[in-house]
Each structure stands twice: as structure tokens, then as C-alpha cells.
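**Student:** sequence first, predicted model second:
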Amino acid sequence: MALREVIGDRFEVVAHVAKGMYSLCVRWNDKKKKDVLVIRNEEETLEKSMMRLNKKIKGDLKVTNYRKELIDSSHSNKTAWPQASSLTVGDNELPVFYNPPQASDLKMSCTIPMVHVPMVVTFNTVNTTSIRYSWIVDGEEVCTNKVFTPTQPSKEPIELRLTPSSDTFLGETFTIKSDFPVAPLLFDFDKKYGPWKRPTTPLSNPESPPLRVGSYNVLADIYAGGSEYGRDTLYPFVEKEILDISYRMQVILLDILQMNCDILSLQEVGKTFYERMTAILAEFGYTSWLEKKLGAGIEGVAIFWKKDRFEVTSRDIVPLGQSTMSFFDEKVNTEINKHLETKSIIDRVVSVAQIMIMTDLQSEAKNSFAFINTHLWYHPTGNPVRLLQLHALLSYVKQKGLEGKCLLTGDLNTALHPYRLEIEDINEVTITDLKEVDHVLKVVSEEGGPPSLTFNGKRCKKLQYRIETGDLMVDDECYEFSIVGSSKKLCGNLLSIITSNNVDIDHNIPKQMPPPCAIRYLKGDPIKETDRDWHYLPDGFRLALERPFSLTNPNDCSEFLFSTYCPHFAAVLDYTLFSSAFTLRQAMPHPDFEGIKKLEGIPSAVHPSDHIPLFVDLEYAVAA
């Protein structure tokens with residue numbers, strides 16, 4: 001057998017750097033495509049290296065340079081191999097490629113490719129100046145770009161052939177395949193995303209381009225398909241394949257790209273999700289910043305922005321919990337330190353806020369502003385804590401002199417106006433598997449205030465009917481209604497046990513409860529020491545607070561019914577608020593609420609999170 005058939009046409013000397021040590025190995029393409037280590041140290045002589053190689057390949061071995069001159073065997077590997085041009089083995093002369101281009105650690109951005117959703121592959125390279133991409137679908141090359149967007153389902157998994165090259169050499173071709181063929185979208189692309197197009201009306205301030213700002217709670221996998229609690233308790237109404245992060249991440253990416261925000265804030269962002277999203281969004285001009293929650297947080301908040309448009313001049317992290325939290329208001333700090341039980345609650349909170357000072361390089365005046373992203377603490381009785389978090393955040397912004405030019409986005413976990421189904425809708429619900437209800441419940445509406453409930457002669461402010469156990473739970477300290485654990489198509493946060501189960505529903509129940517203190521605070525209402533929400537705190541903490549400055553909420557209207565929808569809860573929790581430096585060009589078109597109401601809740605095949613993404617189109621205000 002000819003020597004060339006044994007070792008192939010290429011003889012490569014590859015440099016490796018590991019743990020600060022420089023070493024070399026010799027590679028040739030034999031039948032098993034293996035690398036053979038014959039050089040162990042850069043200071044070792046070429047003669048010793050050839051002796052080792054001779055044990056692998058029998059014959060007279062010589063190394064020559066490009067002038068066909070024999071390289072002195074007493075030279076070290078570090079000196080000899082960079083000038084080597086060929087290796088002679090007996091009568092065979094093979095080219096030497098010193099440190100050829102390499103690619104490693106190839107990973108596809110998704111495991112389940114989907115129509116309309118772009119794909120990339122991440123990898124590491126060595127000595128590479130360019131990459132050739134070849135995307136293969138059902139045996140045919142369909143794309144040679146780094147990013148590939150499938151346009152139709154496939155029969156076979158997608159294959160990418162990636163070939164690195166340098167100025168001198170063409171490297172080896174590496175291949176990676178997706179786990180599954182391209183899947184079709186499970187919803188109508190145009191119906192969902194058609195209304196998301198940017199407005200085409202003339203600008204009020206033609207000297208500066210419009211600005212699209214968005215916020216999206218993407219639902220961390222640990223609370224969804226990544227945990228038994230998420231699958232069986234929180235979202236039992238969602239098919240496991242739809243709740244799986246492999247599916248949800250693809251649709252979330254599609255949502256983000258179709259929003260086409262200039263700046264986007266995300267909440268509940270896990271590390272793996274962030275890494276994959278960063279890799280592909282970088283190809284669309286975005287750069288990003290992730291900040292985990294305080295302590296051992298497994299998820300956090302992230303900001304993505306278009307790097308060719310904005311220059312970030314500073315980044316600040318504002319703790320909104322634990323012992324590191326400051327309220328930037330001496331009066332509040334003093335009162336908190338007097339009330340140790342309230343302080344202990346705040347010490348368990350792990351929320352953070354990101355604040356970036358950004359300059360818009362595309363605006364005529366090079367407008368500068370603060371962009372804020374946060375995810376406030378969630379607890380059913382957490383209204384006063386969220387109020388204190390908001391006050392701390394806005395006080396910090398004012399202290400920095402940014403109150404006139406800021407954007408506040410995020411999941412504030414504070415219901416603007418909890419959604420209520422009409423009584424007629426409730427009566428249309430058919431329930432066949434509820435356990436027998438032994439109690440008679442009567443709802444009485446109090447004029448001018450929240451409704452009161454009477455349960456077995458006892459007045460209460462909250463009632464939950466837990467379907468899986470048939471238990472009624474009463475809480476004297478809450479003004480909310482909810483159904484927990486429903487497997488039927490019932491909208492949450494309302495009292496809807498139908499009359500066939502011996503329950504009388506008063507048709508005068510108001511569709512809207514009084515807004516919580518944090519919402520009234522944002523609207524500019526002074527919060528008094530006697531405010532009803534302070535009673536959630538255990539030790540008598542009471543304080544009068546006023547909003548440091550005003551912010552505009554473009555979705556503050558009764559028509560925008562909810563940004564989250566689950567069987568036990570539906571309300572507007574997500575916000576994109578802005579100061580007087582901006583004017584509203586267009587609020588986000590209202591989602592297909594009628595379609596959502598037909599679902600038991602979200603996530604769903606159409607909506608990959610339990611929150612709906614929000615965005616607004618803004619302009620810079622014209623200077624007076």
C-alpha cells in the first residue's frame with residue numbers, strides 16, 4: 001500500500017496552548033482520522049521529534065523549508081516547525097501545514113429548528129481569518145451565510161458544514177446536525193405579527209429617529225418545563241412539548257425579532273437561555289447585559305440594545321432587597337430600621353434593577369437618557385414591599401438627576417387593573433367535575449368600596465376555591481378573589497363557581513378592584529399612613545410617601561386588559577413607562593385577547609411565556 005494512502009495528502013503540525021504551556025503535536029489523516037502526538041515540548045529538538053515519528057511511520061524522515069533546504073535537526077521545535085514546508089518520507093513528499101485553521105465546540109442555537117426562526121452555530125476557532133458555511137437541507141445546500149432561516153419544514157435534520165481558513169491554508173471541514181428536522185409553526189405568522197409593524201406616519205421631531213422600547217418576561221425554565229413544580233402545579237394545562245424550553249425559546253426569539261426593538265428588557269432570564277439568545281441576537285446587531293438576582297439567584301434581568309445606535313456610558317445595579325438595599329430617602333431608611341419584622345421581609349427579597357446611561361448616536365442632538373429594567377418582588381400580600389421598591393428606585397433616579405430623561409421597563413408584579421370576565425361569560429362556563437360544594441356563599445357588594453364576602457356568616461375579603469381538594473380558604477387580609485388549580489377554561493382572579501353548585505353570585509360585583517398602592521403611587525396619588533395596603537406588613541409599619549417625579553404609562557387604559565393570563569390570575573403586570581423627554585408615537589397594538597380568552601391560560605403554542613411582550617414607539621420630545 002502506498003504511503004500516501006496510509007497517511008493522506010496532508011501533514012499538519014498543530015500548535016496547542018493549554019494552562020499556559022506551549023506544546024506541539026503532529027497530525028496526519030490516516031484511515032481512522034486520528035491525531036498522533038509526537039512532539040511534547042517546544043524546546044525539544046527536531047531530531048528527537050523525528051525519532052518519535054519514525055516509530056509511527058517507518059522510513060527516512062526529513063523536514064525541509066520552502067527553498068527545499070533541509071532544516072537543521074538540532075533546532076528546537078519552536079524554531080523548526082514554523083519554517084517547515086514539507087515532510088519527506090522515503091520517496092514521498094507531503095506538505096506541512098503549521099498551525100492550520102481549526103474549529104471546535106460546535107453548538108447549534110436550537111435543538112428543534114422551526115420555520116421562520118433564524119439559526120446559528122457557535123464555536124471556537126484557532127488561526128482562522130474566514131469561515132465558509134454550507135447549510136444542507138434534505139441533501140441540498142440552501143444557504144452559505146452564517147445565519148440560516150428555514151422557510152419550510154424538512155424531512156431530515158439540518159446539517160451545517162463549516163470550513164475555517166486562514167490567509168494561507170484551508171482548514172478541515174467540520175459538520176454538525178440538528179436533533180430534529182425543521183418543524184412548522186403552530187400558529188399563523190401574519191396574524192400574530194402583522195400588527196407589530198412600525199408606524200409610517202410622519203415624525204413630530206424629524207431630526208431624530210423614532211425609538212422602539214420593549215419589555216418581556218420570558219418565564220424562566222425553572223418555573224416552567226424545567227421543573228416538576230412548573231409542569232404539574234403551575235402549568236398543568238400546557239402540553240409538555242409546548243412548555244419545554246426547546247420550543248418556547250424558539251418562539252420567544254421570533255417574538256423578539258418581530259418586535260424589532262431598539263432597546264429591549266427581559267425578565268426571568270436564565271444563564272443558558274441568555275447565552276443562546278445572545279449568540280443569535282448578536283447576528284442581528286444586538287449586544288446585551290445580564291444581571292442575576294441577589295444572592296444565589298438562578299435567573300435575572302437582561303437588557304438587549306442595538307450596538308450601532310447606542311453608546312453606553314455607565315451601568316449601575318440597584319439592589320431592591322436584602323441588606324444591601326438603600327431607599328435613597330432618609331425618612332424611609334429611618335423607619336425601616338425601627339421595624340425589624342418589616343426589615344426581615346425586605347432582607348429576603350432578591351430583586352435588582354439595571355440602570356444604563358445611553359447616548360443615541362443616530363439622533364441629531366445625541367440624546368442621552370437612563371434606561372431601567374427591573375422585576376419587582378412577587379408575593380400575594382407584597383403590595384407595600386413593591387411600593388417601597390418603586391420608591392427606592394425612583395428616589396435613586398432623582399438623586400442622580402435623571403428624572404427628566406428616563407425609561408422604566410419591566411415586570412412590576414403590580415396589577416394595573418385585574419381583568420374580570422362579564423357575568424354572562426361566567427354563566428356560559430360548564431363545569432362537570434367539581435366536587436360537591438357543601439357551603440353556600442353569598443357575595444354582597446358594598447357601594448363605594450371593594451365587595452365583601454360572607455362565608456358561613458363570617459365576613460372576609462378573599463376566598464379561594466381549590467378544585468383538586470374542594471377546600472374553601474378564607475383570608476381576612478386580602479381584597480382579591482381567585483381560583484387555584486382549575487383544569488377548566490376559567491379566567492382567574494374572579495369568583496366564578498357557578499350557580500349549579502348552589503352558589504349565588506351577585507351581579508353587582510365590580511369588574512375592577514381598587515388598584516394597589518404601588519399603582520396609585522405611580523399615578524401620582526399620595527400614599528397616606530392610613531393606606532389600607534400597609535396592613536400587609538406585620539409590625540405596624542406606616543409611612544406617607546409621594547412619587548418623586550412623574551412617568552407616563554401608554555397602556556393606562558381599560559382596553560388593555562392584561563399582560564399575563566393564567567387560570568388563577570389575569571392582569572396588567574408589565575410596563576414601559578417614560579418621562580417628559582419622550583412623546584408617544586404608538587402604543588403596542590392590543591393582542592388578540594378574544595383568542596387568548598379561549599385558552600385555559602398561557603403559555604401556549606402561540607404565546608411562549610405566561611406574559612405577553614409589550615413595546616411602545618416613542619419620539620424624543622421637541623425642545624421648548
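**Tutor:** Ah, there it is. Worth saying up front: this structure is predicted, and the values here are computed from it rather than measured.
**Student:** can you list contacts of the helix or strand where Ala103 lies?
**Tutor:** Secondary structure from DSSP states H and E places Ala103 in strand 102-108. Identification of contacts with strand 102-108 by C-beta atoms under 8 Å, 6 or more residues apart in numbering yields 14, 119-128, 131, 160, 162, 164, 171-172, 174, 176, 178. Just so you know, the C-beta spots here come from the backbone N, C-alpha and C atoms, and that holds for glycine as well.
**Student:** which helices and strands does the longest helix along the chain pack with?
**Tutor:** Using DSSP state H, we find that the single longest helix of the chain is helix 383-399. Judged by 3 or more C-beta pairs under 8 Å, 6 or more residues apart in numbering; DSSP states H and E, helix 383-399 is in contact with strand 310-319, helix 330-338, helix 340-347, strand 352-360, strand 368-375, helix 517-523.
**Student:** strand partners of the strand holding Ala103, parallel vs antiparallel please.
**Tutor:** strand 121-126 (antiparallel) (DSSP bridges).
**Student:** got a list of contacts for the helix or strand just after the partner strand?
**Tutor:** Per DSSP H and E, the first helix or strand lying C-terminal to strand 121-126 is strand 130-137. Strand 130-137 is contacted by residues 103, 125, 141-146, 148, 150, 154, 156, 158-165, 182 when judged by C-beta under 8 Å, 6+ apart.
**Student:** again with stretch 250-258
**Tutor:** Contacts for stretch 250-258 (C-beta under 8 Å, 6+ apart): 110, 112, 114, 116-118, 192-193, 196, 216, 218, 264, 277, 280-281, 284, 304, 606, 608-609, 613.
**Student:** quick one on the thing from earlier: ok, of the contacts of strand 102-108, which come out buried?
**Tutor:** 14, 119-121, 123, 125-128, 131, 160, 162, 164, 171-172, 174, 176, 178 (16 or more other C-beta atoms under 10 Å).
**Student:** about what we covered before: show me which of the contacts of stretch 250-258 are buried.
**Tutor:** Counted by 16+ other C-beta under 10 Å, those give 110, 112, 114, 116-118, 192-193, 216, 218, 264, 277, 280-281, 304, 606, 608-609, 613 as buried.
**Student:** filter those down to just the ones in helices.
**Tutor:** The helices, defined by DSSP H, take in 192-193, 277, 280-281 from the buried ones among the contacts of stretch 250-258.
**Student:** can you add pLDDT and distance to Gln389 and give these back as TSV?
**Tutor:** Below are these laid out as TSV (pLDDT from 0 to 100; distance: C-beta to C-beta, whole Å):
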residue	pLDDT	distance to Gln389
Lys192	89	33
Tyr193	89	34
Met277	94	26
Ile280	93	32
Leu281	95	29
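**Student:** in TSV: the residues you listed, plus distance to Lys271.
**Tutor:** Shown next, in TSV, are those (distance: C-beta to C-beta, whole Å):
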residue	distance to Lys271
Lys192	28
Tyr193	28
Met277	11
Ile280	16
Leu281	16
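**Student:** which among the residues you listed gets closest to Leu211?
**Tutor:** Using C-beta to C-beta, Leu281 comes nearest to Leu211 of these, at 18.1 Å.
**Student:** end-to-end on stretch 137-157?
**Tutor:** 7 Å (C-alpha to C-alpha, to the nearest Å).
**Student:** and that stretch, how far out from the chain's middle?
**Tutor:** 26 Å (C-alpha atoms, centre = their mean, to the nearest Å).
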